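Engineer: build me a model from this:
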Amino acid sequence: MTTNLLDGLNHAQKQAVEHVEGPLLIIAGPGSGKTRVIVQRVAYLVRTCGVSPRRICVVTFTNKAAKELRDRLGRLLGGPVAEQVTAGTFHALCSRILRIDGEAIGLDKGFTIYDRDDQLRVLKSAFQRANIEPKKFSPSAVLSAISGAKAQLQSVEGFRVKVGSYFEEVVLRVYEEYQGFLHANQAVDFDDLLMRTTHLFRDHPEVLERYQERYLHLMVDEFQDTNIAQYTLAKQLAGQWRNFAVVGDPDQSIYGWRHADIRNILNFQTDFPDARTVLLEENYRSTGNILAAASKVISGNEKRVKKDLVSTMSKGTPVWVHEAYDEEEEAVWVVQEVDRLRKKGEVKYGDVAVAYRVNAQSRALEEACIRYGIPYRLVGALKFYQRKEIKDVIAYLRVLNNPADNVSMERVVNVPPRGIGQKSVDELTRWARTLDVPMRKALEILAEDPSTETAIPKAGQAALEKLSLLMKELQEASQTMPVAEFLDLVLDRTRYRSYLLDDIEEGEDRWDNVKELRTVAADFADVPPEDGLNAFLEQVALVSDVDNADNGGDGMTLITLHQAKGLEFPTVFMVGMEEGMLPHMRSFDDPASMEEERRLCYVGMTRAKEHLYLTRAFKRRVNGATLPGIPSRFLNDIPRDLIASPIDESKPKATVGVMRSGGMNGLETSSDKDATPLSPPFKAGDKVQHGKFGDGIVVSCTTVSGDYEVAVAFVDGGVKRLLQSLAKLQPAG
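Structural biologist: Numbers count the residues shown, from 1 in each chain. Purely as a prediction, here's the structure:
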C-alpha cells in the first residue's frame, strides 16, 4: 500500500508525504503538485499510519478546493472513508463549530451569516445610530476597517484601545453599533465566524480541548493567504498534538487587501523551531521559458523564501510581448491573435485566459469579443447568488429559519408588493425597537392583538397581520418538509413565481434562476427536515466567487489576476502591463504593496502552461482621464533572450522587442553594436527624426546591452522601439 501511495512522487514530495509527527512547512512553488501532496499525505496517514480519517482536518482556501480534495481522496480511499475527513475553508469549519458550540458564547444554532450586501444594509443603520454622515465617510472604507480589526482579533473593546485618529474614532462608533445590530439579529459576518470561534476556544477551554483531542492532524493549504485570526485558530486547534502541516508559497501571497498576513508563513519556523521545511521546486505546469521569466520577475522581492524552480517541461516558445496604441487596439489585437491561434489549431477558445489587474479593463475586451464574434465568459460579473431574485428567495428562507434576522425581514416585507408602504415598515421597525424585539416578533404581537396601539397606518397594519400569519404557517412547514419541497411552498404561498413572471421582458430568465436554486436545494433531500433548511442556507452563504470559476467551456475567459489564482490555462494574455496598472499606482509609495504587486504579476505569469503574452498600451483611459502608458517595471525584469514577437514567427528570437498591431518594425538587433555613449542621447519629450518613420517624440530612452533603446511615438507610425546604433535617430527642430 505504501509503495502505491508514493509511486510517481519526486524526492521532495515523498519527504512531505512521509513526515508524520510534528510541525511541517511545505513551500510549494506554482505547478509543483501541492494538491497531490496534500491528498497523498492524508491517504498515507490513513492507510499506512492507521490514523482514523475522523481525526484529520484539512483547511482549504475555497470550497472548490475542498471538493476536489474529497473527490481525489475518494478515489484513493473510497468515498465513505474520504467523507470522514474534515475538509473545508476556515469559514466553513468555524460555522460548523459555532453551530454546535456557539451557545456557550450566546449564539443560537440558527444564526444567520450576513454577506457583503447584508453588511452594507446593517452599516447604513449603524451610521444613523452613531450619527455619522455617510457622505463624509465611505461606508466601504469603514466596513473594511472593521473587517481588518476582526482579522486581527480586535473586538470593539480591543479596537477602542488602539484608536489613534479621528477616522478610527468614527470606525469605533460605527463598529459598536454594527456589532450590536448583529447581536440583536442573531447574525454574524464572515469575519465574526473566525473571531468568535477563537474567542470561544479562548474562553471555554473545555470546548477547545474536545476539538484538539479529535484532530490529531491539521493541514492548512494556501497558508500564505491566512490572516492573524486564521493562524491563531489553527494554532489553537493544533496546540495539543502539534502535528501541524502548512502548505504555501510566499511568492503567491496576493491578498493583503483582504488582510492576509505574509508574516504567518515567513515566521512559521520562528513560531515552530522544530518544524521541518520541504521545498517543492519541480514545476509540472509551465514551459521552461515561462518559468524562467516569472522567476526573474519575482526575484526582485525581498520578503520571500528563495527557491529554484525547475520546469519538467520543454523550454517552449519565448514569452511574447506586444505594444498597442491604446486599450481599444490592445483588446482588438488580443482577440485577433486568439482567433489566429485557433484557426491554426494551436488553441481552442476555452484554452485561453485574458487576465487584468482591475475589473474595469474587461470593458474593452468584452466589446472586442462581441465585435469579432469571439465567445467569452466574464469571471467576476454578477454572480448567481447575487441576483435580486435569488437574494429575495434566500431572504425568505433565512427569516423563516432565524426569526431574529431583521435584515432579511426588511428585504421581503413588501416583496412581492402586498400593500405595505415604507411608512408602515419604518413604524414597524421603530415599534419593534421600542419593544426590544425583532421585527418578526413585533409582527406576531400585532397579529395576536390587532387592537394594539401603534402608529402604523391601518391599511399597512392589516397587510402586516396577514404577513405574520403567512410567516407562522411557513415556519411550521419548514420543520416537516424537505428543503426543495419547502422552497416550492414558499414560492407558491408568497406568490413570488407570479411576481417574477409578470415581468414580460426578464421574468422567464429570472424564474429560470430560481429553478436553478431549487436544483441546489434538491441536493439536501436526504437531510432531516429539521436540519435541512439550516444546512442549505449555510452552503449558500459560504459560496465564493472563486468557487464559480473554472476553465471549462467553449469561450475564452476574462478574469482578474486575483481571481486567476489557483487556475491554469494553456494560453494566457496579461494585458495592461504598465506603470500604474501593474504595478497599480496605489503601491508606488508603499514597499510592501509593491512587493505584493510583483507577486501578483508572478501569479499571473505562472498560470500559463504553454504560451504567455504580455501586452501594454502607449496610452490608456483611466477614470475618464487619458494617461501615458509607461512600460511596467516588471517587463524590464525579463531577460531579453526570453522575449519574442508573436507576429514574426519565422525568427522569434531575432525580434525581441514589442510590436505594434499589423507591423513588423520591432526592436532591431545587431551583433556589432557601437559602444554605449557616456550619457543618454535623448530624454522623454525630445523631438526626433527617423529616416523611414519620420518625425516623432521620445517616450523613453534606456540602456540595453551596450546600446540605447529609444521608444518613440511617431506621428504616422505609432510607437516603436529602436536601437540608437541602428536607427540613427536625429534631433528634430
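Engineer: list the contacts for the residue nearest to Asn301 when sequence neighbours are not counted?
Structural biologist: Excluding the flanking residues, the one nearest Asn301 by C-beta to C-beta, 6 or more residues apart in numbering is Glu595, at 4.8 Å. Where you see a C-beta, it was placed from the backbone N, CA and C, and this is true even at glycine. Residues near Glu595 by C-beta atoms under 8 Å, 6 or more residues apart in numbering: Asn301, Glu302, Lys303.
Engineer: the first one and Ser311, how far apart?
Structural biologist: Remark: distance between Asn301 and Ser311 (C-beta to C-beta, to the nearest Å) = 20 Å.
Engineer: neighbour count: these two, which is higher?
Structural biologist: Ser311 (20 against 17; other C-beta atoms under 10 Å).
Engineer: just checking, Lys565 touches Ile254?
Structural biologist: Yes. Between Lys565 and Ile254 there is a contact under C-beta atoms under 8 Å: 6.4 Å.
Engineer: ok so, going back, can I get the contacts of Glu595 in JSON lines including secondary structure, pLDDT and distance to Thr452?
Structural biologist: Formatted as JSON lines, the contacts of Glu595 follow (DSSP: H, G, I helix; E, B strand; the rest coil; pLDDT from 0 to 100; distance: C-beta to C-beta, whole Å):
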{"residue": "Asn301", "secondary structure": "coil", "pLDDT": "94", "distance to Thr452": "66"}
{"residue": "Glu302", "secondary structure": "coil", "pLDDT": "92", "distance to Thr452": "68"}
{"residue": "Lys303", "secondary structure": "coil", "pLDDT": "90", "distance to Thr452": "63"}
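Engineer: ok, Phe167 - contacts?
Structural biologist: Phe137, Ala145.
Engineer: Glu366 belongs to a helix?
Structural biologist: Yes. Using DSSP: H, G, I helix; E, B strand; the rest coil, the assignment for Glu366 is a helix.
Engineer: that one contacts Leu378, doesn't it?
Structural biologist: Yes. Glu366 lies in contact with Leu378 (C-beta under 8 Å); the separation is 6.6 Å.
Engineer: which secondary structure element of this structure has the lowest mean pLDDT?
Structural biologist: Least confident element among the helices and strands of the chain, by mean pLDDT, DSSP states H and E: helix 2-6 (a mean of 70).
Engineer: hang on, the earlier thing: okay, and the common contacts of Glu366 and Leu378?
Structural biologist: With C-beta under 8 Å, 6+ apart as the test, Glu366 and Leu378 both reach Leu558.
Engineer: and the nearest residue to Arg121 once chain neighbours are set aside, what pLDDT?
Structural biologist: Leaving aside its sequence neighbours, Arg121 sits nearest to Val407 (C-beta to C-beta, 6+ apart; 5.3 Å). On pLDDT, Val407 comes in at 92.
Engineer: residues contacting Val407?
Structural biologist: Val407 neighbours (C-beta under 8 Å, 6+ apart): Thr112, Tyr114, Asp118, Arg121, Val122, Asn185, Ala187, Ala395.
Engineer: just those now: which is nearest Arg263?
Structural biologist: The closest of these to Arg263 turns out to be Tyr114 (C-beta to C-beta; 29.0 Å).
Engineer: name all residues that make contact with that closest one.
Structural biologist: Val122, Leu182, Ala187, Val188, Asp189, Val407.
Engineer: surely the second one touches Asp192?
Structural biologist: Pointing back at Leu182 there. Yes. Using C-beta under 8 Å, Leu182 is in contact with Asp192, at 6.9 Å.
Engineer: doesn't the residue nearest to Asn301 lie inside a helix?
Structural biologist: Yes. Assessed by three-state DSSP, Glu595 belongs to a helix.
Engineer: once you drop chain neighbours, what's closest to Phe486?
Structural biologist: Nearest non-adjacent residue to Phe486 (C-beta to C-beta, 6+ apart): Ser478, at 5.5 Å.
Engineer: around that neighbour, how many other residues sit close by?
Structural biologist: Neighbours around Ser478, by other C-beta under 10 Å: 19.
Engineer: widest-spaced pair of the contacts of Val407?
Structural biologist: Across these, the longest distance by C-beta to C-beta is 13.7 Å; it joins Val122 and Ala395.
Engineer: can you map out the strands along the stretch 551-700 of the chain?
Structural biologist: 556-560, 569-574, 608-617, 619-622, 625-628, 643-644, 687-690, 694-704 (DSSP state E, counting those that start in this stretch).
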